[in-house]
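In: heads up, no residue letters with this:
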DNA sequence: ACCTGAACACCGTTCAAGT
DNA sequence: ACCTGAACACCGTTCAAGT
């Protein structure tokens, strides 16, 4: 994307800001990490962030855009054999990023960029699940519905406390594709 | 609960504050309705709210505590014959209160009172679904799991946009108890 | 017991000015 | 093009003082 040295530097700095924001958000939560704190950590003045990002929500989306390809790659590379193992791997990873996932949902009502990002994310997850369900032998007219249900259950697991046993039972139920 | 005239007046005023807060939150959202705005509408000064409530989160919980018994009563009184109709009724009602439901989830990470309330709410909903599933003939060892899944799907429906047809298909799937 | 005016500490964001 | 110091408008909450 960057075309010359200048653009590369700008890209690097942008990425540095995103990295610091992500680190602080994961450590202290989205709401409890101010733009001032992010700027301090990145070694710039607070308003400089606004040169690179339209606002805190845009910074959040940039953070997610950095994480998700990594996750997708890891998902493929993991090469786990069973559906249950793959689902468990995915939810374990997503839990790592839970403060950001939470923030995405909390900002949904207030921010258009977040809304757009979330929409895309859901579609990607549903595509993944639909493909899996079809391979599992679920009838094609039923698969999309069950994929939507699957994403809801997945989100429920992410946002609610539960025991390891409960998680296992629910993921096993999902893997079954029933 | 109130023991004398003085307590009754205090109770009425408390309720008046909750009513105004609920009205404004439903109209403009939780975050976009300041304590000052609620006080203005209730005809008191902002800090007077803090005489009756520990904070904005406590006011939110009080609002939910006012709504849920009404909902539970309406659920029973509706006397709808089929599970699908009852689920549809329930989600239609809950959608009416969506700004408050959203706020509950958004405040989960920040407020202990909200966390406690949410926990109770989930347990109540799961009990409702478990009872329904058992009546539907679902094996007892499977019912609690499916009830948890059901609440996740229910919450997913509440917090994500979808067509009427999608909602119907998902609720029908839930009513089936599969 | 109940209520208030004024202030506090903080927030995301913007402005005017610099290089 | 990039960065900053200072300010803005606002927020939930608290304090000191009243009745």
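Out: Received the coordinates, thanks. Computed from a prediction, not measured in an experiment: that's the story for all the values here.

In: near DNA strand C, which residues of chain A show up?
Out: Contact residues (Cβ under 7 Å from any atom of the strand) of chain A with DNA strand C: A:31, A:33, A:34, A:35, A:36, A:37, A:46, A:47, A:50, A:55, A:56, A:57. The way it works is simple: take the backbone N, C-alpha and C, and place the C-beta from them, glycine included.

In: Helices along chain A, start to end?
Out: With DSSP state H as the definition, chain A shows helices at residue ranges A:5-28, A:35-42, A:49-52, A:56-78, A:83-96, A:98-107, A:112-135, A:143-159, A:164-176.

In: okay, and for chain A, where does confidence drop off?
Out: Scanning chain A for pLDDT under 70 picks out A:1-6, A:8, A:178.

In: Close to chain B: what parts of it are there?
Out: Within chain A, the positions adjacent to chain B are A:29, A:31, A:99, A:102, A:105-106, A:108-110, A:122, A:145, A:148-149, A:151-153, A:155-157, A:159-160, A:162, A:166, A:169-170, A:173, A:178 by Cβ under 8 Å from any Cβ of the partner chain.

In: Show me which of the residues you listed are buried.
Out: Buried by 16 or more other Cβ atoms under 10 Å in any protein chain shown: A:29, A:31, A:99, A:102, A:105-106, A:108-109, A:122, A:145, A:148-149, A:151-153, A:155-157, A:159-160, A:169-170, A:173, out of the residues of chain A next to chain B.

In: check contacts around the residue nearest to residue A:95 when sequence neighbours are not counted.
Out: Spatial nearest neighbour of residue A:95, excluding adjacent residues (Cβ to Cβ, 6 or more residues apart in numbering or on different chains): residue A:158 at 6.6 Å. Contact partners of residue A:158, counting by Cβ atoms under 8 Å, 6 or more residues apart in numbering or on different chains, are A:91, A:94, A:95, A:98, A:101.

In: same question, residue A:100
Out: A:22, A:25, A:26, A:30, A:60, A:63, A:64, A:67.

In: Count the residues that sit near the fourth one.
Out: By that I understand residue A:30. 23 (other Cβ atoms under 10 Å in any protein chain shown).

In: The nearest residue to it once chain neighbours are set aside: neighbouring residues, count only.
Out: Closest residue in space to residue A:30, ignoring its immediate chain neighbours: residue A:103 at 3.5 Å, by Cβ to Cβ, 6+ apart. Residue A:103 is flanked by 24 other residues according to other Cβ under 10 Å.

In: Hmm, residue A:103 is touching residue A:33, no?
Out: No: here residue A:103 does not reach residue A:33: they are 9.8 Å apart, not a contact under Cβ atoms under 8 Å.

In: any common contacting residues for the two?
Out: Both residue A:103 and residue A:33 are in contact with residue A:25, where contact means Cβ under 8 Å, 6+ apart.

In: Residue A:62 is in contact with residue A:19, isn't it?
Out: No: if you go by Cβ under 8 Å, residue A:62 and residue A:19 don't touch, sitting 10.2 Å apart.

In: Looking at those two, which has the bigger crowd around it?
Out: More crowded of residue A:62 and residue A:19, by other Cβ under 10 Å: residue A:62, with 20 against 14.

In: distance of the more buried one from residue A:155?
Out: To residue A:155, residue A:62 is 22 Å away according to Cβ to Cβ, to the nearest Å.

In: same check, this time on residue A:77
Out: On the measure of Cβ to Cβ, residue A:77 and residue A:155 end up 24 Å apart.

In: What is the neighbour count of the residue nearest to residue A:138 when sequence neighbours are not counted?
Out: Among residues not flanking residue A:138 along the chain, residue A:177 sits closest, at 5.3 Å (Cβ to Cβ, 6+ apart). Residue A:177 has 19 neighbouring residues, counting by other Cβ under 10 Å.

In: contacting residues for residue A:177?
Out: Residue A:177 is in contact with A:83, A:132, A:133, A:136, A:137, A:138, A:146, counting by Cβ under 8 Å, 6+ apart.

In: and the gap between the residue nearest to the first one when sequence neighbours are not counted and residue A:150?
Out: Looking back up the chat, that one is residue A:83. Distances taken as Cβ to Cβ, 6+ apart place residue A:175 nearest to residue A:83, at 3.9 Å, with adjacent residues excluded. From residue A:175 over to residue A:150 the distance is 10 Å, taken as Cβ to Cβ.

In: same deal with residue A:56?
Out: The gap separating residue A:56 from residue A:150 is 31 Å, by Cβ to Cβ.

In: And those two? Which one has more around it.
Out: Higher neighbour count among residue A:56 and residue A:150: residue A:150, with 26 against 20, using other Cβ under 10 Å.

In: gap between that one and residue B:84?
Out: Noted for residue A:150: a distance of 21 Å to residue B:84, by Cβ to Cβ.

In: which parts of stretch A:9-28 are buried?
Out: The neighbour-count check on stretch A:9-28 (16+ other Cβ under 10 Å) flags A:13, A:14, A:17, A:18, A:20, A:21, A:22, A:24, A:25, A:26 as buried.

In: can I get those residues in JSON lines with distance to residue B:115?
Out: Shown next, in JSON lines, are the buried residues of stretch A:9-28 (distance: Cβ to Cβ, whole Å):
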{"residue": "A:13", "distance to residue B:115": "39"}
{"residue": "A:14", "distance to residue B:115": "36"}
{"residue": "A:17", "distance to residue B:115": "32"}
{"residue": "A:18", "distance to residue B:115": "30"}
{"residue": "A:20", "distance to residue B:115": "29"}
{"residue": "A:21", "distance to residue B:115": "26"}
{"residue": "A:22", "distance to residue B:115": "25"}
{"residue": "A:24", "distance to residue B:115": "23"}
{"residue": "A:25", "distance to residue B:115": "20"}
{"residue": "A:26", "distance to residue B:115": "20"}
